[in-house]
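**Student:** what's the 3D shape of this:
(one chain, ligands or ions: 2)
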Amino acid sequence: MKTIEIPREGRTPSQILIGAGAVAELSELVPAGRPLFVVTDPHLAEAYAELLAPYRKIIIGLGEEHKTLSTVEQIHTELIAAGADRCCYLVGFGGGIVTDITGFVASTYMRGVGFGFVATSLLAQVDASVGGKNGVNVGGYKNMVGVFNQPDFVLCDVALLDTLPRREFVAGLAEVVKSAVIGDAELFEILERTAVDELLANKELLSEVVARTVSVKARIVEADEREGGVRRLLNLGHTLAHAIEKCSRKWVHGEAVAIGTVMIGRAAVRAGVAESGVVERIGRLLERLELPTECDIPTEQLTAALRKDKKGSGDSIHVVWPCGVGSCRIQTLPFTELDELLK
Ligand SMILES: NC(=O)c1ccc[n+]([C@@H]2O[C@H](COP(=O)([O-])OP(=O)(O)OC[C@H]3O[C@@H](n4cnc5c(N)ncnc54)[C@H](O)[C@@H]3O)[C@@H](O)[C@H]2O)c1
Ligand SMILES: [Zn+2]
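**Tutor:** Ligands and ions are numbered 1, 2, ... in the order given. Predicted coordinates:
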């Protein structure tokens, strides 16, 4: 088992435990004698019925459309009905939707109660559960309302990924590649030698991949918890991914990130900021990991969606350039320049 710690002001560091079987630590990590509630979704409640049997459960709806303030209110109401006081403790057992909501509920219920996560999707293990951002969507806009607050612990049990649909697993790999490009060239090389089936079969290798990805994010979050600077690096491929997701429902988030990373890579070559061969190398790896690298949405449609998405942020945009494998750079660019580079 590997442990990564993220410092928290005035409190013990947030502990991230990674490995096959990590979920067995849950009973040790939750504070003894306090009323415990596990927040989860119907897929997980069914797949892990036995594991979750000893716990009181609050089950929320599936999908992004349930990541809302009304779901937050549903959980608050269930907690009140169960007589939960300030001593209660929440565990979010699920993917990024469950962990984002649980963190927000725990930060607001009675002005804040203790909480931890069992991250069950690859995306939640390497991204959503790490870094202390919790929140919900409002009026169709993603993550508009939320808080920064780190959980006491995150359990990343790679054995739980066996029940995750393959498409979700592969989509999570796009975030792994993203982090490798941002800050771990060796992780990139490991992935270049590995196929999806091998990752699923070899839990030691998968744990290593998850741990390295978490380390990249943990390093960045430690340096810039509230996204004033380097944390923006984590948006590599995401500006375009959000535009792709706005224009079409064909791709899930990770797939859009894969396409967005290659597109911004090509723009980086045109801007003269990328080493030669970098985009080809990133594209080859993403394809090897069964991810898409092209989309059929016209560029003008994408850039229009991008402007709409960034409404209110002026005429320019923060672009993350993949300059080399393991090295990225942030540049503020006028929209018009980015439009030209994307053509
Ligand atoms: N807080 C952050 O910093 C941060 C970062 C990245 C993403 N996010 C958020 O994460 C969310 C997406 O997370 P996600 O992709 O995990 O989505 P999700 O929570 O919807 O999970 C995806 C699907 O997989 C199922 N699932 C999850 N784990 C499973 C398992 N072990 N076995 C069987 N089924 C399983 C879920 O029930 C769901 O149907 C988005 O809302 C996004 O905004 C947050
Ligand atoms: Zn993402």
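**Student:** Can you list the buried residues in the helix or strand encompassing Ala304?
**Tutor:** Using DSSP states H and E, Ala304 falls within helix 299-309. Neighbour-count burial for helix 299-309 flags Leu302, Thr303, Ala305, Leu306, Arg307, Asp309 (criterion: 16 or more other Cβ atoms under 10 Å). Using the backbone N, CA and C atoms, a C-beta is placed for each residue, glycine as well.
**Student:** Run a quick neighbour tally on the residue of the stretch 201-343 of the chain found nearest ligand 1.
**Tutor:** As assessed by Cβ to the nearest ligand atom, ligand 1 sits closest to His253 within the stretch 201-343 of the chain, at 6.4 Å. Per other Cβ atoms under 10 Å, the neighbour tally for His253 reads 22.
**Student:** what residues are up against it?
**Tutor:** Leu123, Ala171, Ala241, Glu245 (Cβ atoms under 8 Å, 6 or more residues apart in numbering).
**Student:** Return the member of these nearest to Ser179.
**Tutor:** Nearest to Ser179 among the contacts of His253: Leu123, at 11.7 Å, using Cβ to Cβ.
**Student:** Any regions of the stretch 201-343 of the chain where pLDDT drops low?
**Tutor:** 311-313 (pLDDT under 70).
**Student:** residue ranges of the strands in it, please?
**Tutor:** For the stretch 201-343 of the chain, the strands defined by DSSP state E, counting those that start in this stretch cover 316-324, 327-334.
**Student:** Just send the ones you listed back as a markdown table, with distance to Val113 and mean neighbour count too.
**Tutor:** Converted to a markdown table, the strands of the stretch 201-343 of the chain look like this (distance: least, Cβ to Cβ, whole Å; neighbours: other Cβ atoms under 10 Å):
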| stretch | distance to Val113 | mean neighbour count |
| --- | --- | --- |
| strand 316-324 | 35 | 20 |
| strand 327-334 | 36 | 15 |
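**Student:** Any chance of TSV for those strands, columns distance to Glu5?
**Tutor:** Formatted as TSV, the strands of the stretch 201-343 of the chain follow (distance: least, Cβ to Cβ, whole Å):
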stretch	distance to Glu5
strand 316-324	26
strand 327-334	25
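**Student:** May I see those arranged in a markdown table, with distance to ligand 1 as well?
**Tutor:** Output for the strands of the stretch 201-343 of the chain, formatted as a markdown table (distance: least, Cβ to the nearest ligand atom, whole Å):
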| stretch | distance to ligand 1 |
| --- | --- |
| strand 316-324 | 15 |
| strand 327-334 | 17 |
